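**Student:** attaching a predicted model along with its sequence, questions to come.
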Number of protein chains: 2
Amino acid sequence: MTDGILTADQILSTAQDVLRRYGPAKATVVDVARALGVSHGSVYRHFPSKTALREAVTQRWLDESHTPLGIVMASTAPAPDRLRDWLTALFSAKRKKALDDPELFATYTVLVDEASQVIERHVAGLVDQLEEIISTGVTRGELAADDPAVAARAVLLATRAFHDPAHAAGWSVPGVEDDFAAVCDLILLGLKPR
Amino acid sequence: MTDGILTADQILSTAQDVLRRYGPAKATVVDVARALGVSHGSVYRHFPSKTALREAVTQRWLDESHTPLGIVMASTAPAPDRLRDWLTALFSAKRKKALDDPELFATYTVLVDEASQVIERHVAGLVDQLEEIISTGVTRGELAADDPAVAARAVLLATRAFHDPAHAAGWSVPGVEDDFAAVCDLILLGLKPR
(Lines give C-alpha, C1' and ligand atoms only; values in the text may rest on other atoms or scores of the structure.)
Protein backbone atom coordinates (compact mmCIF):
# COMPACT_ATOMS: atom_id res chain seq x y z
CA MET A 1 0.00 0.00 0.00
CA THR A 2 2.96 2.31 0.70
CA ASP A 3 3.94 2.11 -2.98
CA GLY A 4 0.68 3.39 -4.50
CA ILE A 5 -1.10 6.70 -4.10
CA LEU A 6 -3.30 6.69 -1.03
CA THR A 7 -6.85 7.78 -1.90
CA ALA A 8 -9.52 9.13 0.42
CA ASP A 9 -11.71 6.20 -0.57
CA GLN A 10 -9.07 3.63 0.47
CA ILE A 11 -8.78 5.37 3.83
CA LEU A 12 -12.56 5.35 4.32
CA SER A 13 -12.85 1.65 3.47
CA THR A 14 -10.05 0.76 5.85
CA ALA A 15 -11.45 3.06 8.55
CA GLN A 16 -14.75 1.18 8.27
CA ASP A 17 -12.96 -2.16 8.77
CA VAL A 18 -11.06 -0.74 11.74
CA LEU A 19 -14.23 0.68 13.29
CA ARG A 20 -15.95 -2.66 12.92
CA ARG A 21 -12.99 -4.56 14.39
CA TYR A 22 -12.14 -2.31 17.38
CA GLY A 23 -15.51 -0.61 17.90
CA PRO A 24 -16.17 3.14 17.70
CA ALA A 25 -14.99 3.71 21.29
CA LYS A 26 -11.49 2.33 20.69
CA ALA A 27 -10.64 2.81 16.99
CA THR A 28 -7.95 5.45 16.39
CA VAL A 29 -6.35 7.12 13.37
CA VAL A 30 -3.15 5.23 14.20
CA ASP A 31 -5.07 1.95 13.89
CA VAL A 32 -6.28 3.03 10.44
CA ALA A 33 -2.79 4.08 9.34
CA ARG A 34 -1.32 0.80 10.60
CA ALA A 35 -3.95 -1.22 8.71
CA LEU A 36 -3.05 0.71 5.55
CA GLY A 37 0.70 0.35 6.14
CA VAL A 38 1.22 4.13 6.08
CA SER A 39 2.13 6.79 8.64
CA HIS A 40 -0.72 8.52 10.47
CA GLY A 41 0.45 11.73 8.78
CA SER A 42 -0.63 10.23 5.44
CA VAL A 43 -4.14 9.78 6.82
CA TYR A 44 -4.20 13.28 8.30
CA ARG A 45 -3.27 14.69 4.88
CA HIS A 46 -6.74 13.61 3.70
CA PHE A 47 -8.67 14.04 6.96
CA PRO A 48 -7.46 16.77 9.33
CA SER A 49 -8.73 15.09 12.51
CA LYS A 50 -10.12 11.87 13.92
CA THR A 51 -13.55 13.54 14.01
CA ALA A 52 -13.29 14.54 10.34
CA LEU A 53 -12.39 10.95 9.41
CA ARG A 54 -15.26 9.48 11.45
CA GLU A 55 -17.70 11.97 9.95
CA ALA A 56 -16.53 11.15 6.43
CA VAL A 57 -16.97 7.41 7.06
CA THR A 58 -20.45 8.05 8.46
CA GLN A 59 -21.38 10.29 5.55
CA ARG A 60 -20.26 7.68 3.04
CA TRP A 61 -22.26 4.99 4.81
CA LEU A 62 -25.40 7.15 4.91
CA ASP A 63 -24.97 8.11 1.27
CA GLU A 64 -24.97 4.46 0.21
CA SER A 65 -28.77 4.62 0.49
CA HIS A 66 -28.73 7.33 -2.19
CA THR A 67 -28.12 4.96 -5.10
CA PRO A 68 -31.53 3.23 -5.00
CA LEU A 69 -33.21 6.56 -4.22
CA GLY A 70 -31.50 8.12 -7.22
CA ILE A 71 -33.10 5.54 -9.50
CA VAL A 72 -36.54 6.58 -8.22
CA MET A 73 -35.66 10.28 -8.58
CA ALA A 74 -34.77 9.68 -12.24
CA SER A 75 -38.08 7.91 -12.93
CA THR A 76 -40.88 9.58 -14.88
CA ALA A 77 -43.63 7.50 -13.26
CA PRO A 78 -46.69 9.25 -11.76
CA ALA A 79 -45.86 11.07 -8.53
CA PRO A 80 -47.91 8.77 -6.21
CA ASP A 81 -45.99 5.75 -7.55
CA ARG A 82 -42.67 7.57 -7.27
CA LEU A 83 -43.44 8.56 -3.68
CA ARG A 84 -44.27 5.00 -2.66
CA ASP A 85 -41.28 3.63 -4.56
CA TRP A 86 -38.99 6.18 -2.89
CA LEU A 87 -40.23 5.30 0.61
CA THR A 88 -39.92 1.60 -0.21
CA ALA A 89 -36.38 2.09 -1.53
CA LEU A 90 -35.36 3.97 1.63
CA PHE A 91 -36.86 1.32 3.94
CA SER A 92 -35.27 -1.50 1.90
CA ALA A 93 -31.84 0.15 1.88
CA LYS A 94 -31.86 0.79 5.64
CA ARG A 95 -33.24 -2.64 6.43
CA LYS A 96 -30.71 -4.38 4.22
CA LYS A 97 -27.92 -2.65 6.12
CA ALA A 98 -29.40 -3.52 9.49
CA LEU A 99 -30.01 -7.19 8.69
CA ASP A 100 -27.02 -7.99 6.43
CA ASP A 101 -24.37 -6.79 8.85
CA PRO A 102 -25.87 -6.06 12.29
CA GLU A 103 -22.44 -5.47 13.86
CA LEU A 104 -21.48 -2.78 11.35
CA PHE A 105 -24.97 -1.30 11.63
CA ALA A 106 -24.59 -1.02 15.43
CA THR A 107 -21.20 0.65 14.90
CA TYR A 108 -22.73 3.21 12.59
CA THR A 109 -25.66 3.82 14.91
CA VAL A 110 -23.09 5.02 17.47
CA LEU A 111 -21.26 7.12 14.87
CA VAL A 112 -24.48 8.71 13.59
CA ASP A 113 -25.42 9.74 17.15
CA GLU A 114 -22.08 11.56 17.43
CA ALA A 115 -22.25 13.23 14.02
CA SER A 116 -25.30 15.45 14.38
CA GLN A 117 -24.33 17.73 11.48
CA VAL A 118 -23.75 14.79 9.16
CA ILE A 119 -27.16 13.33 10.00
CA GLU A 120 -28.83 16.75 9.63
CA ARG A 121 -27.37 17.10 6.13
CA HIS A 122 -28.45 13.55 5.31
CA VAL A 123 -32.02 14.19 6.51
CA ALA A 124 -32.14 17.53 4.67
CA GLY A 125 -31.09 15.73 1.49
CA LEU A 126 -33.88 13.18 1.94
CA VAL A 127 -36.47 15.93 2.55
CA ASP A 128 -35.26 17.72 -0.61
CA GLN A 129 -35.86 14.60 -2.68
CA LEU A 130 -39.34 14.15 -1.22
CA GLU A 131 -40.11 17.80 -1.86
CA GLU A 132 -39.07 17.38 -5.48
CA ILE A 133 -41.40 14.40 -5.91
CA ILE A 134 -44.31 16.17 -4.18
CA SER A 135 -43.79 19.47 -6.06
CA THR A 136 -43.71 17.70 -9.40
CA GLY A 137 -46.85 15.80 -8.40
CA VAL A 138 -48.65 19.01 -7.40
CA THR A 139 -47.67 20.67 -10.70
CA ARG A 140 -49.06 17.71 -12.64
CA GLY A 141 -52.23 17.52 -10.52
CA GLU A 142 -51.26 14.05 -9.29
CA LEU A 143 -50.76 15.14 -5.67
CA ALA A 144 -52.08 17.93 -3.43
CA ALA A 145 -50.09 19.83 -0.80
CA ASP A 146 -50.38 23.44 0.41
CA ASP A 147 -46.65 23.56 1.02
CA PRO A 148 -44.61 20.74 -0.57
CA ALA A 149 -41.63 21.47 1.74
CA VAL A 150 -43.79 21.06 4.87
CA ALA A 151 -45.45 17.96 3.40
CA ALA A 152 -42.05 16.46 2.54
CA ARG A 153 -40.86 16.86 6.13
CA ALA A 154 -44.12 15.39 7.43
CA VAL A 155 -43.79 12.35 5.14
CA LEU A 156 -40.25 11.64 6.34
CA LEU A 157 -41.33 12.02 9.99
CA ALA A 158 -44.42 9.86 9.50
CA THR A 159 -42.27 7.01 8.11
CA ARG A 160 -39.59 7.29 10.78
CA ALA A 161 -40.41 3.82 12.16
CA PHE A 162 -39.14 2.49 8.79
CA HIS A 163 -35.87 4.34 8.34
CA ASP A 164 -34.57 5.52 11.72
CA PRO A 165 -31.94 3.05 13.03
CA ALA A 166 -33.56 3.37 16.48
CA HIS A 167 -36.35 1.13 15.15
CA ALA A 168 -34.15 -1.42 13.35
CA ALA A 169 -35.11 -4.18 15.83
CA GLY A 170 -38.64 -4.03 14.39
CA TRP A 171 -37.62 -4.42 10.75
CA SER A 172 -37.43 -8.22 10.81
CA VAL A 173 -40.64 -8.71 12.81
CA PRO A 174 -43.53 -10.46 10.97
CA GLY A 175 -46.11 -7.90 9.86
CA VAL A 176 -43.65 -5.05 9.35
CA GLU A 177 -44.38 -5.05 5.59
CA ASP A 178 -48.11 -4.67 6.27
CA ASP A 179 -47.44 -1.86 8.74
CA PHE A 180 -45.24 -0.09 6.21
CA ALA A 181 -47.89 -0.47 3.49
CA ALA A 182 -50.61 0.87 5.83
CA VAL A 183 -48.54 3.97 6.67
CA CYS A 184 -47.77 4.56 2.96
CA ASP A 185 -51.48 4.19 2.11
CA LEU A 186 -52.40 6.76 4.77
CA ILE A 187 -49.75 9.22 3.53
CA LEU A 188 -50.77 8.84 -0.12
CA LEU A 189 -54.42 9.42 0.78
CA GLY A 190 -53.31 12.52 2.68
CA LEU A 191 -51.62 13.85 -0.47
CA LYS A 192 -54.35 12.81 -2.92
CA PRO A 193 -55.99 15.67 -4.85
CA ARG A 194 -59.67 16.31 -4.04
CA MET B 1 -44.84 1.60 57.71
CA THR B 2 -44.67 -1.76 59.51
CA ASP B 3 -47.78 -0.82 61.54
CA GLY B 4 -50.20 -0.22 58.65
CA ILE B 5 -51.40 -2.53 55.91
CA LEU B 6 -48.94 -2.62 53.03
CA THR B 7 -50.71 -1.91 49.72
CA ALA B 8 -49.54 -2.76 46.20
CA ASP B 9 -49.61 0.95 45.40
CA GLN B 10 -47.25 1.79 48.29
CA ILE B 11 -44.85 -0.87 47.05
CA LEU B 12 -44.98 0.47 43.49
CA SER B 13 -44.32 4.06 44.61
CA THR B 14 -41.38 2.98 46.74
CA ALA B 15 -40.07 0.71 43.98
CA GLN B 16 -40.08 3.72 41.65
CA ASP B 17 -38.02 5.73 44.17
CA VAL B 18 -35.60 2.84 44.60
CA LEU B 19 -35.25 2.35 40.84
CA ARG B 20 -34.53 6.04 40.41
CA ARG B 21 -31.97 6.05 43.25
CA TYR B 22 -30.07 2.83 42.47
CA GLY B 23 -30.76 2.54 38.74
CA PRO B 24 -32.54 -0.39 37.04
CA ALA B 25 -29.35 -2.47 36.92
CA LYS B 26 -28.80 -2.47 40.70
CA ALA B 27 -32.22 -2.06 42.36
CA THR B 28 -33.41 -5.22 44.16
CA VAL B 29 -36.57 -6.35 45.96
CA VAL B 30 -34.58 -6.24 49.22
CA ASP B 31 -33.85 -2.53 48.58
CA VAL B 32 -37.58 -1.91 48.13
CA ALA B 33 -38.46 -3.84 51.30
CA ARG B 34 -35.78 -1.98 53.28
CA ALA B 35 -37.08 1.41 52.06
CA LEU B 36 -40.58 0.37 53.20
CA GLY B 37 -39.35 -0.98 56.54
CA VAL B 38 -40.81 -4.43 55.84
CA SER B 39 -39.43 -7.90 55.12
CA HIS B 40 -38.89 -8.84 51.48
CA GLY B 41 -41.52 -11.54 52.06
CA SER B 42 -44.10 -8.78 52.49
CA VAL B 43 -43.21 -7.45 49.05
CA TYR B 44 -43.26 -10.91 47.49
CA ARG B 45 -46.78 -11.43 48.87
CA HIS B 46 -47.92 -8.74 46.40
CA PHE B 47 -45.45 -9.39 43.58
CA PRO B 48 -44.22 -12.97 43.17
CA SER B 49 -40.87 -12.02 41.60
CA LYS B 50 -38.51 -9.13 40.92
CA THR B 51 -39.63 -9.28 37.27
CA ALA B 52 -43.31 -9.07 38.28
CA LEU B 53 -42.57 -6.02 40.45
CA ARG B 54 -40.59 -4.27 37.71
CA GLU B 55 -43.30 -5.00 35.16
CA ALA B 56 -45.99 -3.65 37.49
CA VAL B 57 -43.98 -0.44 38.07
CA THR B 58 -43.51 -0.06 34.32
CA GLN B 59 -47.18 -0.74 33.61
CA ARG B 60 -48.23 1.88 36.17
CA TRP B 61 -45.88 4.44 34.66
CA LEU B 62 -47.12 3.77 31.13
CA ASP B 63 -50.75 3.90 32.29
CA GLU B 64 -50.25 7.40 33.72
CA SER B 65 -50.64 8.67 30.13
CA HIS B 66 -54.12 7.15 30.11
CA THR B 67 -55.73 9.85 32.25
CA PRO B 68 -55.48 12.67 29.66
CA LEU B 69 -56.34 10.19 26.89
CA GLY B 70 -59.43 9.10 28.84
CA ILE B 71 -60.70 12.68 28.83
CA VAL B 72 -60.48 12.73 25.01
CA MET B 73 -62.13 9.32 24.77
CA ALA B 74 -65.07 10.60 26.83
CA SER B 75 -65.50 13.66 24.59
CA THR B 76 -68.38 13.93 22.12
CA ALA B 77 -66.50 16.33 19.78
CA PRO B 78 -66.32 15.56 16.03
CA ALA B 79 -63.97 12.65 15.29
CA PRO B 80 -61.30 14.72 13.47
CA ASP B 81 -61.00 16.99 16.55
CA ARG B 82 -60.96 14.03 18.91
CA LEU B 83 -58.25 12.36 16.84
CA ARG B 84 -56.03 15.44 16.89
CA ASP B 85 -56.74 16.02 20.60
CA TRP B 86 -55.89 12.41 21.39
CA LEU B 87 -52.56 12.57 19.50
CA THR B 88 -51.78 15.91 21.18
CA ALA B 89 -52.62 14.50 24.63
CA LEU B 90 -50.36 11.49 24.04
CA PHE B 91 -47.46 13.64 22.84
CA SER B 92 -47.92 16.09 25.75
CA ALA B 93 -48.06 13.33 28.35
CA LYS B 94 -44.93 11.62 27.05
CA ARG B 95 -43.06 14.87 26.61
CA LYS B 96 -43.97 16.07 30.10
CA LYS B 97 -42.52 12.87 31.53
CA ALA B 98 -39.35 13.16 29.48
CA LEU B 99 -38.72 16.82 30.31
CA ASP B 100 -39.98 17.03 33.92
CA ASP B 101 -37.85 14.20 35.23
CA PRO B 102 -35.28 13.07 32.64
CA GLU B 103 -33.56 10.73 35.11
CA LEU B 104 -36.74 8.81 35.89
CA PHE B 105 -37.62 8.83 32.18
CA ALA B 106 -34.24 7.25 31.35
CA THR B 107 -34.84 4.64 34.05
CA TYR B 108 -38.19 3.75 32.55
CA THR B 109 -36.78 3.66 29.03
CA VAL B 110 -34.54 0.80 30.24
CA LEU B 111 -37.45 -0.93 32.02
CA VAL B 112 -39.72 -0.62 28.99
CA ASP B 113 -37.05 -2.24 26.78
CA GLU B 114 -37.01 -5.23 29.16
CA ALA B 115 -40.78 -5.55 29.47
CA SER B 116 -41.81 -6.36 25.91
CA GLN B 117 -45.18 -7.84 26.92
CA VAL B 118 -46.04 -4.80 29.02
CA ILE B 119 -45.22 -2.45 26.15
CA GLU B 120 -47.16 -4.63 23.70
CA ARG B 121 -50.25 -4.44 25.91
CA HIS B 122 -49.77 -0.69 26.26
CA VAL B 123 -49.47 -0.19 22.49
CA ALA B 124 -52.46 -2.48 21.87
CA GLY B 125 -54.48 -0.33 24.30
CA LEU B 126 -53.49 2.82 22.42
CA VAL B 127 -54.42 1.27 19.06
CA ASP B 128 -57.81 0.23 20.52
CA GLN B 129 -58.55 3.82 21.55
CA LEU B 130 -57.57 5.13 18.11
CA GLU B 131 -59.72 2.48 16.46
CA GLU B 132 -62.68 3.55 18.60
CA ILE B 133 -62.24 7.19 17.52
CA ILE B 134 -61.83 6.26 13.84
CA SER B 135 -64.76 3.78 13.84
CA THR B 136 -67.06 6.33 15.43
CA GLY B 137 -65.89 8.91 12.88
CA VAL B 138 -66.53 6.53 9.97
CA THR B 139 -70.03 5.74 11.29
CA ARG B 140 -70.81 9.44 11.53
CA GLY B 141 -69.32 10.20 8.10
CA GLU B 142 -66.67 12.44 9.69
CA LEU B 143 -63.76 10.18 8.76
CA ALA B 144 -63.04 7.62 6.05
CA ALA B 145 -61.11 4.36 6.47
CA ASP B 146 -61.49 0.99 4.75
CA ASP B 147 -60.41 -0.79 7.92
CA PRO B 148 -60.41 1.31 11.12
CA ALA B 149 -58.15 -1.20 12.91
CA VAL B 150 -55.50 -0.95 10.17
CA ALA B 151 -55.85 2.83 10.05
CA ALA B 152 -55.50 3.05 13.85
CA ARG B 153 -52.24 1.12 13.76
CA ALA B 154 -50.97 3.27 10.88
CA VAL B 155 -51.79 6.48 12.79
CA LEU B 156 -49.87 5.32 15.87
CA LEU B 157 -46.90 4.29 13.71
CA ALA B 158 -46.95 7.54 11.72
CA THR B 159 -46.74 9.58 14.95
CA ARG B 160 -44.04 7.45 16.51
CA ALA B 161 -41.54 10.34 16.46
CA PHE B 162 -43.87 12.03 18.99
CA HIS B 163 -44.51 9.28 21.52
CA ASP B 164 -41.72 6.70 21.34
CA PRO B 165 -39.15 7.38 24.12
CA ALA B 166 -36.39 6.68 21.55
CA HIS B 167 -37.16 10.13 20.10
CA ALA B 168 -37.41 12.02 23.41
CA ALA B 169 -34.24 14.02 22.67
CA GLY B 170 -36.12 15.75 19.84
CA TRP B 171 -39.11 16.80 21.95
CA SER B 172 -37.53 19.99 23.27
CA VAL B 173 -36.03 21.06 19.94
CA PRO B 174 -37.47 24.28 18.40
CA GLY B 175 -39.87 23.43 15.60
CA VAL B 176 -41.08 20.15 17.08
CA GLU B 177 -44.60 21.60 17.52
CA ASP B 178 -44.71 22.54 13.83
CA ASP B 179 -43.47 19.09 12.85
CA PHE B 180 -46.13 17.49 15.02
CA ALA B 181 -48.85 19.70 13.53
CA ALA B 182 -47.68 18.88 9.98
CA VAL B 183 -47.83 15.13 10.63
CA CYS B 184 -51.31 15.47 12.24
CA ASP B 185 -52.50 17.52 9.23
CA LEU B 186 -51.25 14.84 6.84
CA ILE B 187 -52.92 12.05 8.83
CA LEU B 188 -56.24 13.91 9.10
CA LEU B 189 -56.22 14.58 5.35
CA GLY B 190 -55.55 10.88 4.83
CA LEU B 191 -58.67 10.02 6.86
CA LYS B 192 -60.90 12.76 5.43
CA PRO B 193 -64.04 11.54 3.63
CA ARG B 194 -64.12 12.21 -0.14
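**Tutor:** In hand now; what should we look at?
**Student:** only C-alpha atoms for contact and neighbour calcs from this point on.
**Tutor:** Noted.
**Student:** so who does the residue most central in space within chain A touch?
**Tutor:** By Cα atoms, centre = their mean, chain A has its centre lying nearest to A:L62, at 3.5 Å. Applying Cα atoms under 8 Å, 6 or more residues apart in numbering or on different chains, we find A:L62 in contact with A:H122.
**Student:** element containing it?
**Tutor:** Element membership for A:L62 (DSSP states H and E) is helix A:50-63.
**Student:** what's the spacing between that helix and its chain's center?
**Tutor:** Centre-to-centre, helix A:50-63 and its host chain are 12 Å apart (Cα atoms, centre = their mean, to the nearest Å).
**Student:** and the very next helix or strand once past it, what's buried?
**Tutor:** Later in the chain than helix A:50-63, the nearest helix or strand by DSSP H and E is helix A:66-73. For helix A:66-73, the buried set under the neighbour-count rule, 16 or more other Cα atoms under 10 Å in any protein chain shown, comprises A:66, A:68-69, A:72-73.
**Student:** for burial, what's the neighbour tally of A:S42?
**Tutor:** With neighbours defined by other Cα atoms under 10 Å in any protein chain shown, the count for A:S42 comes to 16.
**Student:** typed the wrong thing, it's A:L53
**Tutor:** Neighbours of A:L53 (other Cα under 10 Å): 21.
**Student:** I'd assumed A:F47 was in contact with it.
**Tutor:** Yes. Using Cα atoms under 8 Å, A:L53 is in contact with A:F47, at 5.4 Å.
**Student:** which residue does chain A bring closest to chain B?
**Tutor:** A:G190 (3.5 Å; Cα to the nearest Cα).
**Student:** next structured bit after whichever helix in chain A runs longest?
**Tutor:** Looking across chain A with DSSP state H, the single longest helix is helix A:116-139. For helix A:116-139, the following helix or strand on the C-terminal side (DSSP H and E) is helix A:148-158.
**Student:** could I get the buried residue list for the helix or strand of chain A with the lowest mean pLDDT?
**Tutor:** Here the helix or strand of chain A ranked lowest by mean pLDDT, DSSP states H and E is helix A:102-114, holding a mean of 85. Neighbour-count burial for helix A:102-114 flags A:104-109, A:111-112 (criterion: 16+ other Cα under 10 Å).
**Student:** helices or strands next to it in the packing?
**Tutor:** The helices and strands touching helix A:102-114, judged by 3 or more Cα pairs under 8 Å, 6 or more residues apart in numbering or on different chains; DSSP states H and E, are helix A:8-22, helix A:50-63.
**Student:** thank you kindly, that will do.
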